[in-house]
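> Let me see the structure of the following:
(one chain, ligands or ions: 1)
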Amino acid sequence: MDFVERTVDLARRNVEEGGRPFATVIVKDGEILAESPNKVAQTNDPTAHAEILAIREACVKLGTEHLTGTTVYVLAHPCPMCLGALYYCSPDEVVFLTTRDAYEPHFVDDRKYFELDTFYEEFGKNWDERRLPMRHEPRADAVEVYRLWQRRNGGERRVAGAPTAA
Ligand SMILES: Nc1nc2[nH]cnc2c(=O)[nH]1
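Sure thing, here's the model as predicted:
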């Protein structure tokens with residue numbers, strides 16, 4: 001199977017059905033493990049990006065939060081949310097079929113704090129300099145929850161289960 005073609009077909013079909021033009025196909029051992037189009041328009045869920053939905057399905061199927069050993073095909077270079085999710089699940093490779101520059105002339109987004117151009121810049125700023133208003137309310141008992149977690153894990157600080165690097 002041509003996974004690139006599959007990704008384009010999935011995105012095209014989604015647009016034909018009223019959805020947005022994105023799709024993700026996750027491949028393991030030469031077979032499709034999970035796939036999804038973007039379902040934001042269909043569900044009003046702003047996190048229902050193609051990557052997020054396909055990652056969720058793949059992780060449920062594998063029973064792990066790690067996508068080591070997989071290749072992820074995406075129609076568009078991942079947005080910052082999906083890029084974050086991809087780092088969390090760490091597939092072997094991400095193949096993107098269009099750049100954000102190819103995408104941008106076709107979309108306008110008028111969300112309050114949202115500009116794709118400035119997104120990456122925003123994330124690098126201190127929390128009190130970001131467009132999204134944020135307030136730090138320090139609490140000792142909140143930090144205590146981390147200690148509880150560590151005690152319950154035998155003093156271990158590591159998040160268990162990550163495969164060791166090859
Ligand atoms: N790659 C990608 N970019 C998006 N931008 C908005 N939605 C999406 C999506 O589902 N995938």
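> give me the element residue 24 is part of.
Using DSSP states H and E, residue 24 falls within strand 23-28.
> How far off centre is that strand?
For strand 23-28, the separation from the chain centroid amounts to 13 Å (computed by C-alpha atoms, centre = their mean, to the nearest Å).
> That one packs against which elements?
Other helices and strands packing on strand 23-28, by 3 or more C-beta pairs under 8 Å, 6 or more residues apart in numbering; DSSP states H and E, are helix 3-16, strand 31-37, helix 50-62, strand 70-76. Every residue, glycine included, has its C-beta placed from N, CA and C.
> Distance to residue 97 and mean pLDDT added to those, as CSV?
Formatted as CSV, these follow (distance: least, C-beta to C-beta, whole Å; pLDDT from 0 to 100):
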stretch, distance to residue 97, mean pLDDT
helix 3-16, 6, 98
strand 31-37, 14, 98
helix 50-62, 12, 98
strand 70-76, 5, 98
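> And the ligand, is the least confident helix or strand in the chain by mean pLDDT touching that?
One helix or strand of the chain scores below all others by mean pLDDT, DSSP states H and E: helix 116-124, with a mean of 78. No. Using C-beta under 6 Å from any ligand atom, helix 116-124 stays clear of the ligand, coming no nearer than 8.0 Å.
> in that helix, what counts as buried?
residue 122 (16 or more other C-beta atoms under 10 Å).
> following it, which helix or strand shows up next?
Next helix or strand after helix 116-124 toward the C-terminus (DSSP H and E): helix 140-152.
> quick one: that following helix to chain centroid distance?
Using C-alpha atoms, centre = their mean, the offset of helix 140-152 from its chain centre is 28 Å.
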